[in-house]
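Novice: Just the structure for this:
(4 chains)
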There are 2 protein chains.
Amino acid sequence: MANIKDVAKAAGVSTSTVSRTINNSPSISLATKERIFSVMKELNYSPNMIAKSLTNNKSYTVTLIVDVEDEKSYQNPFFYEIMHGIERHVYRKEYSLIVANLSSTQKNQSVIEWLIKGKRTDGVILPASILSSAMIEILRKYNIPFVAIGEPVGLKESVSWVDVDNKKGTENAMYYLFEKGYRNIGFLGLNKTQLFSRKRLEGYKSALSDEQHEIDNDFIRECMNTKKEGYQHMIDLLQRDHRPDAIICADSHIAFGAIKACGELHLRIPEDIGIISYDNSQLAEISDPEITTVYVDVFELGLQSAKQLFELIEDPQKIDQGLLISTSIKVRETA
Amino acid sequence: MANIKDVAKAAGVSTSTVSRTINNSPSISLATKERIFSVMKELNYSPNMIAKSLTNNKSYTVTLIVDVEDEKSYQNPFFYEIMHGIERHVYRKEYSLIVANLSSTQKNQSVIEWLIKGKRTDGVILPASILSSAMIEILRKYNIPFVAIGEPVGLKESVSWVDVDNKKGTENAMYYLFEKGYRNIGFLGLNKTQLFSRKRLEGYKSALSDEQHEIDNDFIRECMNTKKEGYQHMIDLLQRDHRPDAIICADSHIAFGAIKACGELHLRIPEDIGIISYDNSQLAEISDPEITTVYVDVFELGLQSAKQLFELIEDPQKIDQGLLISTSIKVRETA
DNA sequence: TTGTAGGCGTTATCAT
DNA sequence: ATGATAACGCCTACAA
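Specialist: Predicted coordinates for the structure are as follows:
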């Protein structure tokens, strides 16, 4: 394959001139520039990124770390779309995207360290769940910019992150339900160990107090993201004297269980009971009735994380920031 | 960061000696070898892969091409796991994995060509659906080994590929149903334009003739992978005089529709009607009853594709081959 | 506006 | 068993 020397020779100029036209330096006459471009086309020349990397000390590569062991994590069903969003921005920047699993260890070090030390990556996007202080220390030590997907919690350091606005999302769901006439709304699926879940609960509570409703703690149920637990709690809730007329489910699996419970108790959806869950379109659309959800634009989430990363790469002085992606209500059949 | 020269200096040897110990050449005395290793540890040295790439003319990188526009493709729900399998093998080889979307074009060329010409990749894994002759021509022209996910169809060239053994999978599902006492089995979800679908039908037919059953063409239904169409065809099938007592669904969405139809006609599953679909565990497990499926080990699919790719990378003379991954029956509640 | 030359970090060849 | 040196393809002072 042709290299810069071949082009230079064929165009009758020096390699510097070719290099300059490639990187469109202003000080090249139009004539030579055009000649060089035509020669490049003729020889089917493309700059060798590896050589470029070596001189510029950049890899032109960005890494997305995934944590496959954590398959139950809330982000997982969205993962593919997040990656898609990241991918879009990364290739626009003419970088390429490396994907690596956290646990793909090489000789006792984390992949991240391996990639960094081998100069294979200029920046990292990684789930907040794995962003320990130790991890941050490594990243900082080698001066590698990074962005977390999800708001990190319990960290002394300030870092860049992107997350879904879970609080607002739930508030909006609540307002939507109020608007539709529902008055006694419950919250199913609290998981205190997860920030996003607590945020959703916050939104639930703040919407209630905004609307001057009292908070009935029995309407707030902690449960796992499973159909089974959703079903059990729903049955229990519906058999109370004072039963809810609408439910916000933290997850679509829970919503499936809730719908089943309603069916068994002969309650019509959405007439007797309204249900809104968080988005997993595949599940929401196959459900019968189809589930109305808080829609999360995960593609955008990925895209924004990549944008933030490049801002950091291009300006290392740039200060870290957090960004919340807003949600919308995707109306289907359950509310 | 320390480089090979620093190590050499600190160890009192030449860079060649250091290079040799890194690549464990046999002709290095144990003493120096040990000294060098300890110095490397001390200086926190790691070889710069970019420099290594430049000299060796290898990128130590492999690319997975995804076709995001083709979201409805049968492979898509599996994509994450395929990637996981690929990732595992790639990092074992101490390569890194680039992911790129087919349509991430750079200046009128495909990403693939862009990556190749920039010397960013040593091999490519890509869905058979995008493996056109033009694509192959490019890959061959630059001598880049590649492996298709899915058996390519209508290609003159012989290529390496890995696919699921759809025919055998369906045969096994049929034998399982026979064993359970089902006798009149239908096939829902044929899509003549897709090889995998035709293969599944082949398996259906071959199992029938093996067991000396006649093929009733009305038991074979062409339909889209949607709940709605699955429902309609199932209703229609069940209202015939001679109705099936079991159904193989080409997809879980179809199975959802079929289950709904059974419910409406008050047929019990699995007593009156048995159902087996192809695996999408998320859907299969959330269904009520849970769907018995043909389980496809997509992780293995990815792993094998990566293995094949590396065989090609390591031995360019290696001849192309096709590989079929076998399936198993995941018994749940519908059969 | 263009050319010359040295350097980026490694490996391979040829010596010793 | 080890060392010196050129080469990989590009970029960037510095010079002209």
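
Novice: switch to C-alpha atoms for all contacts and neighbour counts from now on
Specialist: Fine.

Novice: name the element A:Ile36 belongs to?
Specialist: Using DSSP states H and E, A:Ile36 falls within helix A:30-43.

Novice: ok, and what's touching that helix?
Specialist: A:2, A:7-8, A:10-11, A:18, A:21, A:46 (Cα atoms under 8 Å, 6 or more residues apart in numbering or on different chains).

Novice: Show me the helices in chain A, by range?
Specialist: Taking DSSP state H, the helices of chain A run over residues A:4-11, A:15-22, A:30-43, A:49-56, A:79-92, A:111-117, A:133-141, A:166-179, A:195-210, A:227-238, A:252-264, A:281-286, A:298-314.

Novice: about what we covered before: kindly reformat the contacts of helix A:30-43 as CSV and extend each row with distance to DNA strand C.
Specialist: As requested, these are exported to CSV (distance: Cα to the nearest atom of the strand, whole Å):
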residue, distance to DNA strand C
A:Ala2, 17
A:Val7, 11
A:Ala8, 8
A:Ala10, 11
A:Ala11, 9
A:Val18, 8
A:Thr21, 8
A:Ser46, 17
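
Novice: These: which ones sit near chain B?
Specialist: A:Ser46 (Cα under 8 Å from any Cα of the partner chain).

Novice: Tell me the buried residues within the contacts of helix A:30-43.
Specialist: Burial by neighbour count, 16 or more other Cα atoms under 10 Å in any protein chain shown: within these this picks out A:7-8, A:10-11, A:18, A:21, A:46.

Novice: could you measure A:Asn190 against B:Asn225, distance?
Specialist: Rather than Asn, residue A:190 is Leu. 34 Å (Cα to Cα, to the nearest Å).

Novice: typo on my end, it should be A:Ala261
Specialist: 28 Å.

Novice: Looking at the contacts of helix A:30-43, which is nearest DNA strand D?
Specialist: A:Ser46 (6.0 Å; Cα to the nearest atom of the strand).

Novice: For A:Lys205, list the residues it contacts.
Specialist: Counting by Cα under 8 Å, 6+ apart, A:Lys205 has contacts A:Ile215.

Novice: same question, A:Ala100
Specialist: Residues in contact with A:Ala100 (Cα under 8 Å, 6+ apart) are A:63-66, A:111, B:87, B:96-97.

Novice: Pull up the gap between it and A:Ala10, please.
Specialist: The value you get for A:Ala100 to A:Ala10, if Cα to Cα is used, is 42 Å.

Novice: before we move on, what about A:Ala261?
Specialist: On the measure of Cα to Cα, A:Ala261 and A:Ala10 end up 77 Å apart.

Novice: my guess is A:Phe299 meets A:Phe79, correct?
Specialist: No - if you go by Cα atoms under 8 Å, A:Phe299 and A:Phe79 don't touch, sitting 9.2 Å apart.

Novice: Which one of these two is surrounded by more residues?
Specialist: A:Phe299 (19 against 16; other Cα atoms under 10 Å in any protein chain shown).

Novice: Next one, pLDDT for A:Pro289 please.
Specialist: Per-residue pLDDT puts A:Pro289 at 94.

Novice: what number of residues lie near it?
Specialist: Burial of A:Pro289 is recorded as 15 neighbouring residues (other Cα under 10 Å).

Novice: for it, what are its contacts?
Specialist: A:269, A:333-334.

Novice: ditto for A:Asn191
Specialist: Taking Cα under 8 Å, 6+ apart, one finds A:197-198, A:222-224 in contact with A:Asn191.

Novice: Now for the closest residue to A:Val111 other than its chain neighbours, how many residues are close by?
Specialist: In this structure, A:Val111 finds its nearest non-sequential neighbour in A:Thr105, 5.3 Å apart by Cα to Cα, 6 or more residues apart in numbering or on different chains. Using other Cα under 10 Å, A:Thr105 has 17 other residues around it.

Novice: repeat for the one 10 residues further on
Specialist: A count of neighbours around A:Leu115, defined by other Cα under 10 Å, yields 21.

Novice: per-residue pLDDT, the residue lying closest to it once chain neighbours are set aside?
Specialist: The shortest distance from A:Leu115 to any non-neighbouring residue, by Cα to Cα, 6+ apart, is to A:Thr121 (6.1 Å). At A:Thr121, the pLDDT value in this model is 98.

Novice: Would you check that A:Thr121 makes contact with A:Ile65?
Specialist: No - the criterion here is Cα under 8 Å, and A:Thr121 misses it with A:Ile65 at 11.6 Å.

Novice: These two: who's more crowded?
Specialist: A direct count of neighbours by other Cα under 10 Å for A:Thr121 and A:Ile65 places A:Thr121 higher, at 23 against 20.

Novice: What residues does that one make contact with?
Specialist: Applying Cα under 8 Å, 6+ apart, the residues near A:Thr121 are A:58-63, A:115.

Novice: Narrow the residues you listed to those in strands?
Specialist: Residues of the contacts of A:Thr121 located in strands (DSSP state E): A:61-63.

Novice: With just CA atoms, put stretch A:45-58 into CSV.
Specialist: What follows is stretch A:45-58, C-alpha atoms only, in CSV (Å, rounded to 0.1, in the frame of the first residue of the first chain):
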residue,chain,number,x,y,z
TYR,A,45,-3.5,6.4,-0.5
SER,A,46,-4.8,6.7,3.0
PRO,A,47,-2.6,7.8,5.9
ASN,A,48,-1.5,5.0,8.2
MET,A,49,-3.2,5.8,11.5
ILE,A,50,-0.7,3.7,13.4
ALA,A,51,2.2,5.8,12.2
LYS,A,52,0.2,8.9,12.9
SER,A,53,-0.6,7.7,16.3
LEU,A,54,3.0,7.1,17.1
THR,A,55,4.2,10.6,16.2
ASN,A,56,1.2,12.3,17.7
ASN,A,57,1.1,10.2,20.7
LYS,A,58,-2.6,9.6,20.4
